[in-house]
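Participant: I would like the atomic coordinates for the input below:
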Amino acid sequence: PDPDIIRVGDTYYMASTTMYFMPGGDILRSYDLVHWELVGHIFETLEDTPAHCLEDGRQIYGQGMWAPSIRFHKGIFYLTFACNDTHKSLLFSASDPAGPWQRVEMDGFFYDASLFFDDDGRVYIAHGNTTLRITELDTETWGPKPGGLNRIVAEDQPGQHLGYEGSHLYKHGGRYYLYPCHMPLDGKFLKTEDCFLADSLTGVFRKKTILDDNMGYRSAGVAQGGMVDTPEGNWYAFMFQDRGALGRSPVIMPMAFDREGFPVLGDCGRVPPAVAPAGRDSGRQYAPLNGSDDFRRARLAPFWQFSHNPDPAGWAVLPKEGIFRLRTRRTSPNLILTRGTLTQRCAGPESSAWVTLNGGGLNEGDFAGICAYQGCYGAIALTRRGAGFQIVMMGRPETEPGIQGEFDYARPPVEYAAVHTASPVATLRVDTDFSEDTASFSYLDGAGSWKPLGIVQRLSFKLDLFTGCRFGLFCYSTVRPGGKADFSEFRFEGPSCKQ
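Facilitator: Numbers count the residues shown, from 1 in each chain. Next comes the predicted model:
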C-alpha cells in the first residue's frame, strides 16, 4: 500500500506503509519496476506505549505509520511519514537503504506528505487533506522555515467523498508536478488521480485529472502515487488499487507528457493489463516477498512482521529445533487483542499456508493456530479442553456491511466447528481465494489427507484494521497466562511459489 518509488543509478527503491506491523517501514528494491524484493525495515518499533503494545485493551489498528515519502539527496536516503495515533511526523535518514536509519521527530504534523529537495538546495514538503500545502522546511528542526514558503496550492471542492490527499511532488523539465488523489462526486470510480502543474512553486498550479480507471475491478479506481524515470529516460507512473480483502496493491504503467507538460498515463489514460519489465536484467533472482520457513535461522525472515510491538519474553526462535515459540503472558478475549501474532502478506489471486503445531504446553482455554488475519478474521486452532485436545475453526463474522469496519475489538470469536484429537501435535491450513474474498480451513488427518473444518470465512477490507489479509501464527489464553505453543515447518504456497 501507499507506494513511493525513487531511482538511484540503475536501482529502484520503494517505501510502503506498514501501520501497526513491526518491524515496520518496508523498503523494497527492484531493477526493472516489475520484480521486487525486501531490503529491510527502517524501524523495529515506533513507540513503547500501551496502545503500541496491545496492552490495557488499547491498540493502533488503522494507525501507526502512514504514507511514506522516500527521497535520495547528496548520498543520503530520507524517509518521512505521519503517525496518526501520536500525531507526529517522523524523518529517518541513512546512507544505506538497508540501514541503520536515524530517527528525528519533525517540528510539525504533515499528513500524507511528500519530501522535496529543489535544485537550489531548499527543501520543501507537500502535505494535507482536502487543502494541500507546500511548506519550506528548516533542516535543523525539520519544521516550517521561518519566513519560508508556506502556501496553499490546491483546495478540493466541499462535499467530496474524499478530499485531496496522498501528495507526491516532483520537478521535471523546469516544471513542478504535484500529484494527489481524491474521491470526487463526479468520478466514474471511487478514487481518481489529478495532477497540478506549475512553472514555479510560487506560481499558479493548473489542474488536470489524469486517471479515472478501475482496470475492470469493481468500482475501485487506481490512484495515489507519482512518477519515476528509467536510466534511458523513459517514464512510469506508479499508484495502487484497493483489491478487496487482499488489500492495496501497487500498480505500474508507462507514461509520457503532452504539449502542456501534463502526464499522459498508460494507454491514453487507461491502465494497461500488463507492463513489461523496464530493465534489461531479466535473469536476476529476487528474494521472495512471501515464503516458507523452517525456523532454522536465529532471526526471522524479513517477510515476517508482528502485529504491534511483540513482547520480548513472549516469543523465541529456536533454530536448532526448528521452532518458533509463542508464550502467553496475559489473557485475551480474541485474536485481535492478542500480542505476539506473527504475520506475513497473502498473495493473490490465491494463496495457502500451513504449519505444524505442538500444543503440549497449552493450558485449558488456550488457543494456538493459524489464521487469515483481518478484521473479520477466520482461524483454525488447537485448544486444550479437559483431559484432551480439540481442533476448532472460529471466526469473527461481519455485523456491519461495507468498509466502515467492526470496531468492537474485544468481541469474542464464534466457534463454528470442533473435532477431538488425541495428539497435541497438529498440522493446520488456511486457503485464501481473493477472487471471492474467502478463506477456508483444514487439518491434516492421520492418513495424510486434508480435512475441511468449519465454514468458508468471508474476508473484507475494512477501516477497523485497514490492511490487507495476512497469514498469522498466534497463541492466546482466555483463562490464565503461561501457556505455550511451538510452530514448525511453515509452508507458503502462492502463484509464484508452488510447493
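
Participant: list the contacts of the residue lying closest to Thr331 once chain neighbours are set aside.
Facilitator: Once flanking residues are discounted, Thr331 sits nearest to Ser477: 5.0 Å by C-beta to C-beta, 6 or more residues apart in numbering. The way it works is simple: take the backbone N, C-alpha and C, and place the C-beta from them, glycine included. Neighbour list for Ser477: Thr328, Arg330, Thr331, Ser332, Asn363, Gly365, Asp366, Gly483 [criterion: C-beta atoms under 8 Å, 6 or more residues apart in numbering].

Participant: so what pLDDT did the residue lying closest to the fifth one once chain neighbours are set aside get?
Facilitator: Right, the one you point to is Asn363. In space, and not counting its chain neighbours, Asn363 is closest to Gly483: 4.1 Å by C-beta to C-beta, 6+ apart. pLDDT recorded at Gly483 is 98.

Participant: gap between the residue nearest to Lys188 when sequence neighbours are not counted and Asp311?
Facilitator: For Lys188, ignoring the flanking residues on the chain, the nearest one in space by C-beta to C-beta, 6+ apart is Asp212 at 5.2 Å. From Asp212 across to Asp311, the span is 46 Å (C-beta to C-beta, to the nearest Å).

Participant: measure stretch 368-387 end to end?
Facilitator: Start-to-end span of stretch 368-387 (C-alpha to C-alpha, to the nearest Å) is 17 Å.

Participant: go through that stretch and flag the buried ones.
Facilitator: Going by neighbour count (16 or more other C-beta atoms under 10 Å), the buried part of stretch 368-387 is 368-384.

Participant: kindly report the same for stretch 435-447.
Facilitator: For stretch 435-447, burial by neighbour count (16+ other C-beta under 10 Å) applies to Asp437, Thr438, Ala439, Ser440, Phe441, Ser442, Tyr443.

Participant: do a quick rundown of the strands in the stretch 201-350 of the chain.
Facilitator: For the stretch 201-350 of the chain, the strands defined by DSSP state E, counting those that start in this stretch occupy 206-211, 223-229, 235-242, 248-257, 263-265, 305-307, 315-318, 323-327, 342-345, 350-358.

Participant: quick check: which helices or strands does the second one pack against?
Facilitator: Pointing back at strand 223-229 there. Packed against strand 223-229 by the contact rule (3 or more C-beta pairs under 8 Å, 6 or more residues apart in numbering; DSSP states H and E) you find strand 4-8, strand 162-172, strand 175-183, strand 192-198, strand 235-242.

Participant: of the ones you listed, which approaches Ala98 most closely?
Facilitator: strand 4-8 (13.0 Å; C-beta to C-beta).

Participant: and that closest one, which strands flank it?
Facilitator: strand 11-16 (antiparallel) (DSSP bridges).

Participant: contacting residues around the strand it pairs with?
Facilitator: 1-7, 25-31, 33, 36, 39, 68-70, 72, 77, 79, 97, 228, 250.

Participant: make a PyMOL selection of whichever of the residues you listed turn out to be buried.
Facilitator: To isolate the buried members of these in PyMOL, using 16+ other C-beta under 10 Å:
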select buried, resi 1+2+3+4+5+6+7+25+26+27+28+29+30+31+33+36+39+68+69+70+77+79+97+228+250
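
Participant: so which of the contacts of strand 11-16 sit within strands?
Facilitator: Here DSSP state E is the test, and the contacts of strand 11-16 give 4-7, 25-30, 39, 68-70, 72, 77, 79, 228, 250 as lying in strands.

Participant: enumerate every residue touching the residue nearest to Lys462 when sequence neighbours are not counted.
Facilitator: Distances taken as C-beta to C-beta, 6+ apart place Gly405 nearest to Lys462, at 3.8 Å, with adjacent residues excluded. Listed by C-beta under 8 Å, 6+ apart, the contact set of Gly405 reads Gly62, Gly375, Lys462, Leu463, Asp464, Leu465, Phe466.

Participant: on that earlier part again, from Ala426, how far out is the residue nearest to Asn363?
Facilitator: According to C-beta to C-beta, Gly483 and Ala426 sit 15 Å apart.

Participant: re the thing from before, turn the helices and strands packed on strand 223-229 into TSV, columns for mean pLDDT and distance to Gly148.
Facilitator: Conversion of those to TSV gives the following (pLDDT from 0 to 100; distance: least, C-beta to C-beta, whole Å):
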stretch	mean pLDDT	distance to Gly148
strand 4-8	98	24
strand 162-172	98	15
strand 175-183	98	16
strand 192-198	98	17
strand 235-242	98	29
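
Participant: of all the ones you listed, which lies closest to Pro144?
Facilitator: strand 162-172 (15.9 Å).

Participant: parallel or antiparallel, list what pairs with that closest one.
Facilitator: strand 175-183 (antiparallel).

Participant: give me the angle between the strand it pairs with and strand 235-242.
Facilitator: Angle between the axes of strand 175-183 and strand 235-242 is 20 degrees (criterion: axes from the mean of the first three to the mean of the last three C-alpha atoms, to 10 degrees).

Participant: I figured Ala278 hits Tyr236, correct?
Facilitator: Yes. Ala278 is within contact range of Tyr236, at 6.5 Å (criterion: C-beta atoms under 8 Å).

Participant: between those two, what contacts are shared?
Facilitator: With C-beta under 8 Å, 6+ apart, Ala278 and Tyr236 have common neighbours Leu33, Thr230.

Participant: one step back: residues in contact with the residue nearest to Asn363?
Facilitator: By C-beta under 8 Å, 6+ apart, Gly483 lies in contact with Arg327, Thr328, Gly361, Leu362, Asn363, Asp366, Ala368, Arg384, Cys475, Ser477.

Participant: which two from these end up farthest apart in space?
Facilitator: Maximum pairwise distance among the contacts of Gly483 (C-beta to C-beta): 14.8 Å, between Arg327 and Arg384.

Participant: okay, Cys497: pLDDT?
Facilitator: According to the prediction, Cys497 has pLDDT 51.

Participant: could I get the contacts of Ser477 as JSON lines with distance to Gln224?
Facilitator: Shown next, in JSON lines, are the contacts of Ser477 (distance: C-beta to C-beta, whole Å):
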{"residue": "Thr328", "distance to Gln224": "39"}
{"residue": "Arg330", "distance to Gln224": "38"}
{"residue": "Thr331", "distance to Gln224": "40"}
{"residue": "Ser332", "distance to Gln224": "34"}
{"residue": "Asn363", "distance to Gln224": "46"}
{"residue": "Gly365", "distance to Gln224": "44"}
{"residue": "Asp366", "distance to Gln224": "41"}
{"residue": "Gly483", "distance to Gln224": "43"}
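
Participant: please list only the buried members of those.
Facilitator: When these are checked for burial by 16+ other C-beta under 10 Å, the buried set is Thr328, Arg330, Ser332, Asn363, Asp366, Gly483.

Participant: list the residues that contact the third one.
Facilitator: Residues touching Ser332, when contacts are defined by C-beta under 8 Å, 6+ apart, comprise Thr338, Arg339, Tyr476, Ser477, Thr478.

Participant: and if you look at the fourth one?
Facilitator: Counting by C-beta under 8 Å, 6+ apart, Asn363 makes contact with Arg384, Ser477, Val479, Arg480, Gly482, Gly483.

Participant: okay if I get those as a markdown table plus distance to Ala417 and secondary structure?
Facilitator: Below are those laid out as a markdown table (distance: C-beta to C-beta, whole Å; DSSP: H, G, I helix; E, B strand; the rest coil):
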| residue | distance to Ala417 | secondary structure |
| --- | --- | --- |
| Arg384 | 17 | strand |
| Ser477 | 22 | strand |
| Val479 | 21 | coil |
| Arg480 | 26 | coil |
| Gly482 | 27 | coil |
| Gly483 | 22 | coil |
